[in-house]
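[1] Okay, here's the prediction I keep looking at, along with the sequence it came from:
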Amino acid sequence: MHSRSLAFAIMLLGLPVIVGCHQQPHVQPLGSDRYGAANETMMRMTFDQQVQNAIVTERTVYPHHFAADSPRLNALGQRQVAVLAAAFRDRPAEGLSRMNLSRGEAPDALYRARVQQVHAALAQHGVEPGRIEIVDEVPGGSGIEAERAADALEMDRSRTTSPSTEVPTMQTTTGDR
């Protein structure tokens, strides 16, 4: 009987401790504390910089940057051209720079009108007229020949694999038979 009384007394004494420790945590919405707004701004700046770097690397305006069946740039296209214009302005004017305007399925007349629209938008952002050549090529450059790519891949593999874990290579052909 004594042990039951002792267990009951411990439960009664422990109950306020258990109940007192069980409180709902105070959760603040994102950006509501004194550091939240600054953290959110820093994250947005980081992501914006990554997007801008990608735009500059690709140097391409795509059909989805225009209103449907129109030479008029949409909001996304205006941002794309503004980022490219800033990159071209910041770069020394050593001859002609190139950028891509993907034709997609646009007929010749629409494609030419889009080229003119992009030239006009670049000029509005301070890029000297005639400094940019607009072409319809592979985004980010013309790439490299398949044989050079295979050589580079093989060289990379030889640096990163040991003889016991070597990955088998594929044989490539140039199309000549």
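    That came through fine.

[2] Residue 155: neighbour count?
    10 (other CB atoms under 10 Å). The C-beta positions use only the backbone N, C-alpha and C, and glycine is treated the same way.

[3] where does residue 111 fall, phi/psi-wise?
    Backbone torsions for residue 111, taken as degrees, to the nearest 10, come to phi -60, psi -50.

[4] Show me where this protein has its strands.
    60-61, 97-101, 132-135 (DSSP state E).

[5] Output the ones you listed as a markdown table; include the columns distance to residue 73, mean pLDDT and mean neighbour count.
    Output for the strands of the chain, formatted as a markdown table (distance: least, CB to CB, whole Å; pLDDT from 0 to 100; neighbours: other CB atoms under 10 Å):
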| stretch | distance to residue 73 | mean pLDDT | mean neighbour count |
| --- | --- | --- | --- |
| strand 60-61 | 8 | 95 | 22 |
| strand 97-101 | 11 | 91 | 18 |
| strand 132-135 | 13 | 93 | 15 |
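
[6] To residue 123, which of those strands lies closest?
    strand 132-135 (9.4 Å; CB to CB).

[7] So in that sheet, which strands flank the closest one, and in what orientation?
    Note on strand 132-135: by DSSP bridges, its sheet partners are strand 97-101 (parallel).

[8] quick one on the thing from earlier: distance to residue 83 for the strands of the chain - can I get that in JSON lines?
    Converted to JSON lines, the strands of the chain look like this (distance: least, CB to CB, whole Å):
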{"stretch": "strand 60-61", "distance to residue 83": "10"}
{"stretch": "strand 97-101", "distance to residue 83": "11"}
{"stretch": "strand 132-135", "distance to residue 83": "14"}
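
[9] among the ones you listed, which is nearest residue 148?
    strand 97-101 (21.2 Å).

[10] Alright, that wraps it up for me.
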